[in-house]
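1. This is the structure alone, sequence omitted:
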């Protein structure tokens, strides 16, 4: 019966462990599936930002791109990280955060080999050039735009090469290196004309015209600006009209200058309109036309307000971005924690599966050991029973009578009547009295069952013939607690369930 009970217990534990192993396997599969879904969502967000960057759509804050970068860093996705770093640099660049932008651009380069993705190399170096130029670091700007040109040439990207040559020319222009400036701008113009790109041609010609206007060469400025004055489709029409108006103003042809200032009123950006309205106001004041002067003065104020509104909006955006910084950090921390949790779950689940298998093996070994120990215990109990002298009922009663004649038994009866507990001295006297009557009782009992102090006291009182209710009184326990102790002792000794009375019978027979 005991062997069957052990087998059932082991089978139950084995079944539970197998269920846990199945659950952990399911958890691993679920984590991998969740990771793939999250990866897909984050990649889609990255591609959306990339598309918006190409369309010159600004991001509302840096929070989203930073979260995406943190995710791919945690995933160690080396294939996606260069693009993520580049786009993070672009967003921070737009938010006038050059240090952060520079860090991300450099990280993107660090994750690219020199021959990997020349297009991305070109984009990064072009942005680095722009960033350094904005910080008045023209040598660094020139170095990076040359590298951008190198990668565009490697991939035969003519449009990219044109922009690179134009930017080289403008960097030399900022350094007042006239020959180099014109050299690169003319090279850019030649390439634009070769591919017959009207917008690029107009853009480069306006750059050359602006250079000559800055130098006071009105004729050369006129030569380059005149052919593109009707390029209404170009994105730079506002700049072209501004150059034409300033050129005619410088040459004293105010009618033509007024004509293009008024063109700017129709098609110019807020900054060009502000300058045009200022020039028109001054012109009409000089002509004594107060009505037109007042009208353009009002338009100048409106343009100024518009620029201030743009500036205020940008300022609010910066403040909003700063306000969102803590939220961004929290989101980044949440994503990092989420990714770390998934990794930890996978690692822990794998480790737990191994541990459970080891535990299963250990339980099996324990089961075998317990069976052996049980057999030894049963053998010991059998030997104990075989060694037990067969006393007649009269002899047993005489022994119990002898015990009841002792001082300690009388003391116990008094304590029961007074509902008091036994002292340490009382317990010692009781154990000595029982030893005198039942010399081998306690040695035999402790040889088959380890006893706590409370359990030892209960056994001594049972051997003395005290009822469970009175045992509860003498030990300051409830009757139910005494019953539980008796049942527990029987189960520990015989390795099976038993009633309190069965333990009493064993003690009285011992």
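-> Noted; the coordinates are in hand. Since we're looking at a predicted model, the values are computed, not measured. Numbering: from 1, shown residues only.
2. contacts and neighbour counts: CA atoms only from here.
-> Fine.
3. so residue 456 is in which element?
-> Using DSSP states H and E, residue 456 sits in helix 453-464.
4. what's downstream of that helix, the next helix or strand?
-> helix 468-475.
5. how far away is residue 76 from residue 43?
-> 14 Å (C-alpha to C-alpha, to the nearest Å).
6. Now the helix holding residue 456: buried residues?
-> 456, 457, 458, 459, 460, 461, 462, 463, 464 (16 or more other C-alpha atoms under 10 Å).
7. Can you check what angle separates it from helix 468-475?
-> Interaxial angle, helix 453-464 versus helix 468-475 (axes from the mean of the first three to the mean of the last three C-alpha atoms, to 10 degrees): 130 degrees.
8. Against which helices or strands is helix 453-464 packed?
-> Packing contacts for helix 453-464, counted by 3 or more C-alpha pairs under 8 Å, 6 or more residues apart in numbering; DSSP states H and E, involve helix 393-404, helix 424-437, helix 468-475, helix 500-509.
9. Please identify the most buried of those helices.
-> helix 468-475 (a mean of 20; mean count of other C-alpha atoms under 10 Å).
10. now the angle from it to helix 500-509?
-> Using the same axes, to 10 degrees: helix 468-475 against helix 500-509 is 80 degrees.
11. Against which helices or strands is helix 468-475 packed?
-> helix 407-418, helix 453-464, helix 479-494.
12. Any chance you could list what contacts it?
-> Residues outside helix 468-475 that contact it (C-alpha atoms under 8 Å, 6 or more residues apart in numbering): 415-416, 419-422, 454, 457-458, 461-462, 478-479, 481-483.
13. average pLDDT across that helix?
-> Averaged over helix 468-475, pLDDT sits at 94.
14. Among the contacts of helix 468-475, which one lies nearest to residue 278?
-> residue 481 (101.0 Å; C-alpha to C-alpha).
15. That closest one and residue 454, how far apart?
-> 11 Å.
16. shaky segments in this protein?
-> 1-35, 231-235, 268, 310-340, 342-343, 367-371, 373-375, 377-378, 380-394 (pLDDT under 70).
17. Check the offset of the helix holding residue 456 from the chain's centre.
-> Remark: helix 453-464 is offset 61 Å from the chain centroid, using C-alpha atoms, centre = their mean, to the nearest Å.
18. so residue 140 makes contact with residue 129?
-> Yes. Under the criterion of C-alpha atoms under 8 Å, residue 140 makes contact with residue 129 at 6.9 Å.
19. Just want to know which of these two has more residues nearby.
-> residue 129 (28 against 16; other C-alpha atoms under 10 Å).
20. before we move on, the earlier item: just the contacts of helix 468-475 now: which is nearest residue 252?
-> Nearest member of these to residue 252, counting by C-alpha to C-alpha, is residue 481, at 115.3 Å.
21. Quick check: the gap between that closest one and residue 420.
-> 17 Å.
22. again with residue 172
-> 107 Å.
23. higher neighbour count, the two?
-> The residue with more neighbours, out of residue 172 and residue 420, is residue 172; 20 against 14, by other C-alpha under 10 Å.
24. State the helix or strand in which that one lies.
-> helix 158-174.
25. and that helix, what other elements does it pack with?
-> Helix 158-174 packs on helix 138-154, helix 178-194, going by 3+ C-alpha pairs under 8 Å, 6+ apart.
26. again, only using 10 Å
-> Applying 3 or more C-alpha pairs under 10 Å, 6 or more residues apart in numbering; DSSP states H and E, one finds that helix 158-174 contacts helix 118-134, helix 138-154, helix 178-194, helix 198-214.
27. Who are the contact partners of residue 224?
-> 202, 204, 205, 206, 207, 208, 209, 210, 212 (C-alpha atoms under 10 Å, 6 or more residues apart in numbering).
28. so which strand or helix has it?
-> Going by DSSP H and E, residue 224 is in helix 218-225.
29. Next, the angle from that helix to helix 198-214.
-> 170 degrees.
30. re the thing from before, out of the helices and strands packed on helix 468-475, which comes closest to residue 509?
-> Nearest of the helices and strands packed on helix 468-475 (C-alpha to C-alpha): helix 453-464, 9.0 Å.
31. Which element is encountered next along the chain beyond whichever helix or strand residue 40 is part of?
-> Here residue 40 sits within helix 2-54, counting by DSSP H and E. Once the chain leaves helix 2-54, the next helix or strand it forms, by DSSP H and E, is helix 63-75.
32. other SSEs contacting that following helix?
-> helix 2-54, helix 81-94, helix 290-387.
33. Which strands or helices does the second one pack on?
-> So that's helix 81-94. helix 2-54, helix 63-75, helix 98-110, helix 118-134.
34. what about 7 Å?
-> Packed against helix 81-94 by the contact rule (3 or more C-alpha pairs under 7 Å, 6 or more residues apart in numbering; DSSP states H and E) you find helix 63-75, helix 98-110.
35. the inter-axis angle of the last one versus helix 81-94?
-> When you say that, I think you mean helix 98-110. Using the same axes, to 10 degrees: helix 98-110 against helix 81-94 is 160 degrees.
36. What angle do helix 118-134 and helix 98-110 make with each other?
-> Using the same axes, to 10 degrees: helix 98-110 against helix 118-134 is 150 degrees.
37. Mind listing what's buried along helix 98-110?
-> By neighbour count with 16+ other C-alpha under 10 Å, helix 98-110 contains the buried residues 98, 100, 101, 102, 104, 105, 106, 107, 108, 109.
38. State the pair within those residues that is farthest apart.
-> The widest separation within the buried residues of helix 98-110 (C-alpha to C-alpha) is 16.3 Å, between 98 and 109.
39. returning to what we had before: okay, the angle between the helix holding residue 172 and helix 118-134?
-> Using the same axes, to 10 degrees: helix 158-174 against helix 118-134 is 20 degrees.
40. Which residues does stretch 278-294 contact?
-> 296, 297, 300 (C-alpha atoms under 7 Å, 6 or more residues apart in numbering).
41. tell me which residues in that stretch are buried?
-> In stretch 278-294, counting by 16+ other C-alpha under 10 Å, buried: 278, 279, 280, 281, 283, 284, 285, 292, 293.
42. Then stretch 184-193?
-> Neighbour-count burial for stretch 184-193, counted by 16+ other C-alpha under 10 Å, picks out 184, 185, 186, 187, 188, 189, 191, 192.
43. Surely the fifth one and residue 167 touch.
-> No. With contact taken as C-alpha atoms under 7 Å, residue 188 and residue 167 are classed as non-touching, separated by 9.4 Å.
44. give the contact list for the closest residue to residue 429 other than its chain neighbours.
-> In space, and not counting its chain neighbours, residue 429 is closest to residue 408: 6.4 Å by C-alpha to C-alpha, 6 or more residues apart in numbering. Contacts for residue 408 (C-alpha under 7 Å, 6+ apart) come out as 426, 429, 430.
45. Of the residues you listed, which is the nearest to residue 197?
-> For the contacts of residue 408, the nearest to residue 197 is residue 426 (113.4 Å; C-alpha to C-alpha).
46. any idea how far the nearest residue to the closest one once chain neighbours are set aside is from residue 423?
-> Nearest non-adjacent residue to residue 426, counting by C-alpha to C-alpha, 6+ apart: residue 408, 6.9 Å away. Relative to residue 423, residue 408 is positioned 11 Å away (C-alpha to C-alpha).
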